[in-house]
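K.L.:
Curious how this folds, go ahead:
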Amino acid sequence: MHLPVAPACNLQCNYCNRKFDCSNESRPGVSSTLLTPEQAVLKVRQVAQAIPQLSVVGIAGPAIRWPI
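P.N.:
So this is what the prediction gives:
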């Protein structure tokens, strides 16, 4: 699961072209909308409840203290 909370990505992966956003893709550094940290926590909780086997959550954002 990818949670975009930062307006930019600095990973610069070789496979990723961040100039284009596609609704059929979910990859770090590209997102149509950004989440606040609070929205990201809520989204993880909702998805984890619906999909108990969720095991990886990628967070693209600045170093912040998460309100869990």
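K.L.:
make it CA atoms for all contacts and neighbour counts henceforth
P.N.:
Will do.
K.L.:
Which strands and helices lie in contact with the one helix or strand in the chain whose mean pLDDT sits lowest?
P.N.:
Within the chain, no helix or strand scores below strand 58-60, which has a mean of 77 by mean pLDDT, DSSP states H and E. Where contact means 3 or more CA pairs under 8 Å, 6 or more residues apart in numbering; DSSP states H and E, strand 58-60 is packed against strand 2-4.
K.L.:
quick one: contacts for the residue nearest to residue 56 when sequence neighbours are not counted?
P.N.:
In space, and not counting its chain neighbours, residue 56 is closest to residue 1: 6.3 Å by CA to CA, 6 or more residues apart in numbering. Residue 1 makes contacts with 54, 56, 57, 58, as judged by CA atoms under 8 Å, 6 or more residues apart in numbering.
K.L.:
before we move on, the earlier item: pull out the buried residues from the least confident helix or strand of the chain.
P.N.:
Of all the residues in strand 58-60, those buried under the rule 16 or more other CA atoms under 10 Å are residue 60.
K.L.:
Ok, stretch 36-50 next?
P.N.:
37, 40, 44.
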